[in-house]
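Trainee: Give me the fold of what follows.
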Amino acid sequence: MVYKFERQAIKNNRGRYSFESIEDWFKRLKHDVNIATYQKVRYGDLEVSEQEIDQLGQQLKEIEQSFKGK
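Mentor: The predicted model follows:
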């Protein structure tokens, strides 16, 4: 989900820099995203609920929509 979002961001000239953390990237994009779900899976190898996945997906979808509006 996040990988797909990153590819879409690159297509819209809003990709993440190689030195940039995901937190810094979202700050630069001026979007407040709860990335705890991403971090649980990426760094903690923890399970997440469907609700957490849906929430992250919705947040990423909203940011993608803002790409199209600019």
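
Trainee: In terms of secondary structure, what does the one helix or strand in the chain whose mean pLDDT sits lowest contact?
Mentor: Within the chain, no helix or strand scores below helix 36-42, which has a mean of 88 by mean pLDDT, DSSP states H and E. Identification of packing neighbours for helix 36-42 by 3 or more C-beta pairs under 8 Å, 6 or more residues apart in numbering; DSSP states H and E yields helix 50-69. For glycine as for every other residue, the C-beta is placed from the backbone atoms N, C-alpha and C.

Trainee: Okay, buried residues for the helix it packs on please.
Mentor: 52, 55, 56, 59, 60, 63 (16 or more other C-beta atoms under 10 Å).

Trainee: Could you export the residues you listed as a markdown table, including pLDDT?
Mentor: What follows is those, written out as a markdown table (pLDDT from 0 to 100):
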| residue | pLDDT |
| --- | --- |
| 52 | 93 |
| 55 | 94 |
| 56 | 93 |
| 59 | 94 |
| 60 | 94 |
| 63 | 93 |
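
Trainee: Low-confidence stretches in this structure?
Mentor: Low-confidence segments of the chain (pLDDT under 70): 70.
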